[in-house]
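> Provided below are the primary sequence and the corresponding predicted coordinates.
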Amino acid sequence: MAMCAALRCVSTNFSAALPLLSRPAHIWTCQNSLRPNILRTLYTSSRLSGALKFTDKHEWVRVEGGVGTVGISNFAQEALGDVVYCGLPEVGTKLEQMEEFGVLESVKAASELYSPLTGEVTEINTDLADNPGLVNKACHEDGWLVKMTIEKPAELDELMDEAAYEKFIKSLDS
Amino acid sequence: MSVGKAAVKVLHLGRISYGSALKIQQRHIKQHLDSSSISPNTLLLCEHEPVYTIGIRQAPYPPEEERRLKELGADFFRTNRGGLITFHGPGQLVCYPVLNLGCFKKSVRWYVCELERTVIKMCSKFGINASTSPDTGVWVGNNKICAIGIHCGRYITSHGLALNCNTDMSWFDNIVPCGIVGKGVTSLSRELGRDISTEEAIPKLLEAFTEQFNCTLTYNGSFS
């Protein structure tokens, strides 16, 4: 009973998710093939709406609990081609905003990465060592590059939100 | 968006050490980054003394490998370009376009593809049927005639391509070129059965470059 109450509380915030949360387990099993896509869409859209901030060098940062997760945008991964190697900084590296923090290799091209914020690297995505293609396949999620502290939160205000970034990349195509 | 064709300045460096050419590239990169006005796009052309170079993926080439290759009489450089190990030496035309991709298209994938197409176009001017493959570079059948490896930072490119004209191909026997096992290397001379020097290749490469990149070339002096 307590469980149902808890689910109901959560579901008032995520009304779109209500049908899924209240669905009994056996129906989830039947719709197993659909479930990851539906959940990913919901998860992605709730994360993307206002949560990602972008630089003009096509990196994004997502803030969760005072930690910034950094990756590259879809525009950037398409412009790179298939990523074969990710050169990332060590945990503990201190970065200034716009400082080079790593490099991605694709089609025999090494492209620099620029830090969206000032802070310290707390984690790097070790999955990318064996699976660098995640940067192409899931650039906003599993293809994240580093996590870092946010020393100057005001820097986030300088970055573009998703709508502004979409406008920005349209202007590049001229 | 610039009106008209981008201008690219051609600089013939002649026979020059790899290290010196790197310094010249860095100077030109700095010019791009410092200047707020017209970007000084430059095409550096040169030939090197025997040298093996590697890219950012350093793990396959530890100090022992560096020592082994140096003992063969070549120099060795670890660079910030993409791509694995390659050889540069006399008879190989090396071309370093230091361009602002903002004058063209802001995509390294596009840029590398255009470099490949430039070399393929140049080869066809010699009557050689070259092509691309899933491995970056320009191939004649299973043999690579031109290696490509670049760096890009703030849309400024460096490093570039290396086209075998009448290179002593035995230098490639000491490595797995570009890390690709089971494929070979070739040169313009090998494909045509006659000696083709870098001097003979330069005009055709420049012609192909202007056509493919739709740019105008400016010179400080004559071709050679």
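Arrived safely.

> quick one: low-confidence ranges for the chain?
Let's take chain A. A:1-50, A:173-174 (pLDDT under 70).

> nope, chain B
Using pLDDT under 70, chain B drops low at B:1-3, B:36-39, B:220-224.

> rerun that using 90 as the cut-off
Low-confidence segments of chain B (pLDDT under 90): B:1-5, B:33-40, B:176-183, B:219-224.

> quote the end-to-end distance of stretch A:101-110.
Using C-alpha to C-alpha, to the nearest Å, the span of stretch A:101-110 from its first residue to its last is 13 Å.

> do that stretch and chain B come into contact?
Yes: using C-beta under 8 Å from any C-beta of the partner chain, stretch A:101-110 reaches chain B at A:103, A:105, A:106, A:107, A:108, A:109, A:110. Where you see a C-beta, it was placed from the backbone N, CA and C, and this is true even at glycine.

> closest to residue B:137 out of those residues?
Of all the residues of stretch A:101-110 next to chain B, residue A:108 has the smallest distance to residue B:137: 7.4 Å, by C-beta to C-beta.

> just want to check the distance between the closest one and residue A:157.
Here residue A:108 is placed at a distance of 38 Å from residue A:157 (C-beta to C-beta, to the nearest Å).

> out of those two, which sits in the more crowded spot?
More neighbours surround residue A:108 than the other of residue A:108 and residue A:157, with 27 against 7 (other C-beta atoms under 10 Å in any protein chain shown).

> how about the residues of chain B near chain A?
With C-beta under 8 Å from any C-beta as the criterion, chain B meets chain A at residues B:1, B:55-57, B:80-83, B:106-113, B:136-137, B:148-154.

> of the residues you listed, keep whichever come out buried.
In the residues of chain B next to chain A, burial by neighbour count holds for B:55-57, B:80-83, B:106-109, B:111-113, B:136-137, B:148-153, counting by 16 or more other C-beta atoms under 10 Å in any protein chain shown.

> now the end-to-end length of stretch B:126-144.
End to end - C-alpha to C-alpha - stretch B:126-144 spans 16 Å.

> what residues of that stretch count as buried?
Using 16+ other C-beta under 10 Å as the test for burial, stretch B:126-144 gives B:128, B:130, B:136, B:137, B:138, B:139, B:140, B:143, B:144.

> what residues are up against the fourth one?
What that stands for is residue B:137. Listed by C-beta atoms under 8 Å, 6 or more residues apart in numbering or on different chains, the contact partners of residue B:137 are A:108, B:116, B:144, B:146, B:147, B:148, B:178.

> thinking again about what came up before, just flag the most distant two among the residues of stretch A:101-110 next to chain B.
Distance extremes for the residues of stretch A:101-110 next to chain B: the farthest pair is A:103 and A:107 at 13.7 Å, using C-beta to C-beta.

> higher neighbour count, the two?
Comparing residue A:103 with residue A:107 by other C-beta under 10 Å, the one with more neighbours is residue A:107, at 25 against 21.
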